[in-house]
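> After the sequence you'll find the predicted model.
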Amino acid sequence: MKTLQKKSAKEIFKNAVKGKNFCTPEILYFEHIKNGVIEFSRGKIMGSINYGVTVVVSDKMNFDLSKNFNNKEQALNYIKSLR
């Protein structure tokens, strides 16, 4: 009997979003959320560290839910709200 395995958040994300994120290229982690997955990342924009939360729902990037933050705490609070 075969056991069904849940796809990893990273695998779901990479299947939906192609290419690199130039604004926040350093991936911190991937995570399952209520209705999909997120990639949490960071990068420097004009000398300041920014954090990106890219959201995938139904195997497609959701531009309305994906956001950039200039504060890590705000980004983490946003991720918490998506769980």
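Nice, thanks for sending it over.
> Contacts only, for residue 62.
Shown in contact with residue 62 (CB atoms under 8 Å, 6 or more residues apart in numbering): 36, 55, 56. No exception for glycine: its C-beta is placed from N, CA and C like everyone else's.
> Look up how far residue 26 lies from it.
21 Å (CB to CB, to the nearest Å).
> taking the contacts of residue 62 one by one, which sit in strands?
Among the contacts of residue 62, DSSP state E puts 36, 55, 56 in strands.
> and the first one, what pLDDT?
Read that as residue 36. Looking at residue 36, its pLDDT reads 96.
> Does it touch residue 55 like I think?
Yes. Residue 36 is within contact range of residue 55, at 6.2 Å (criterion: CB atoms under 8 Å).
> Low-confidence stretches in this protein?
Filtered on pLDDT under 70, the chain yields the residue ranges 1-5.
> Dump the contacts of residue 62 to CSV, plus neighbour count and distance to residue 10.
Below are those laid out as CSV (neighbours: other CB atoms under 10 Å; distance: CB to CB, whole Å):
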residue, neighbour count, distance to residue 10
36, 21, 13
55, 24, 14
56, 24, 11
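> Pick the one among these closest to residue 77.
Lowest distance from residue 77 to those (CB to CB) belongs to residue 55, with 14.7 Å.
> Give the closest residue to that closest one in space, chain neighbours not counted.
Excluding its sequence neighbours, the residue lying closest to residue 55 (CB to CB, 6 or more residues apart in numbering) is residue 65, at 3.9 Å.
> before we move on, what SS does that neighbour have?
Secondary structure assignment for residue 65 (DSSP: H, G, I helix; E, B strand; the rest coil): coil.
> How many neighbouring residues does it have?
Residues contacting residue 65 under the criterion other CB atoms under 10 Å number 17.
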